[in-house]
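Undergrad: Output the structure for:
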Amino acid sequence: FLMIWPLTTVLTYLLGLGLANDAFDQALAARARALAESIEWSAKQADARLRVDLPALLADEEVGRYLLRIDRASGGMLMGDDDLPVPPALGPAPNAAVDFLSADVREQSMRVARMAYKSPTLVEPVVVQLAEQSHRRNELARGIFKSIVLPQLVVIPLMVILMWWGLKRGTRPLMRLQAENIDPADRP
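TA: Got it, this is the predicted structure:
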């Protein structure tokens, strides 16, 4: 048990990180979809500009944690943060599933949800990217890790002690026979 304990500790952390990433990715994808659906053109095709009501989509305390970038699907930034990665030119892309990538933006680790989006209200397809800081994911993974490993600090040593005690007690008759130099095969 003591030799397997470090392995279970590493696996627990990786499992916790995977669970945290899955949960946060689903929430980030939902926000990216909602953001894409809220995009409106503020004018006709001549001098078309996008309008996005970001504060309406995010709680007030969340606005600073996210970065947004919207590009034409054919290439070229329309609005947002130019520190986010430039998406590949997709051409006229239909609505697609959200894909994810990790990027370092302004010396911070961020998770980016990216999706191509087209609706009848948009002049042309766009690529929407919404990025959030990764530190909350890591905090959740550490919380999961602690909630599993801390009880192991008590349970595993207790199991080792109980196993030692049980083995010692179970082998006591054999030890007594060995001390008396009696071969168990010779006993009637």
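Undergrad: In which helix or strand does D25 reside?
TA: helix 5-38 (DSSP states H and E).
Undergrad: Pull out the buried positions in that helix.
TA: 12-13, 16-17, 20-21, 24, 28-29, 31-33, 35-36 (16 or more other C-beta atoms under 10 Å). For glycine as for every other residue, the C-beta is placed from the backbone atoms N, C-alpha and C.
Undergrad: And the helices in this protein?
TA: 5-38, 54-57, 135-170, 172-179 (DSSP state H).
Undergrad: Let's have the ones you listed in CSV, adding mean pLDDT and distance to P87.
TA: Output for the helices of the chain, formatted as CSV (pLDDT from 0 to 100; distance: least, C-beta to C-beta, whole Å):
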stretch, mean pLDDT, distance to P87
helix 5-38, 84, 12
helix 54-57, 55, 19
helix 135-170, 82, 22
helix 172-179, 79, 71
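Undergrad: Can you say which of those helices is nearest to L101?
TA: helix 5-38 (11.0 Å; C-beta to C-beta).
Undergrad: Can you check what angle separates that closest one from helix 135-170?
TA: 150 degrees (axes from the mean of the first three to the mean of the last three C-alpha atoms, to 10 degrees).
Undergrad: Now do helix 5-38: distance to the chain's middle.
TA: 2 Å (C-alpha atoms, centre = their mean, to the nearest Å).
Undergrad: how close does the residue nearest the centre of the chain get to T171?
TA: The centre of the chain sits closest to N21, judged by C-alpha atoms, centre = their mean, with a distance of 0.9 Å. Taking C-beta to C-beta, to the nearest Å as the measure, N21 falls 48 Å from T171.
Undergrad: how about the nearest residue to V105 once chain neighbours are set aside, what does it touch?
TA: The spatial neighbour of V105 that comes closest, neighbours along the chain excluded (C-beta to C-beta, 6 or more residues apart in numbering), is D83 at 5.0 Å. Contacts for D83 were tallied using C-beta atoms under 8 Å, 6 or more residues apart in numbering; they are L67, V105, R106.
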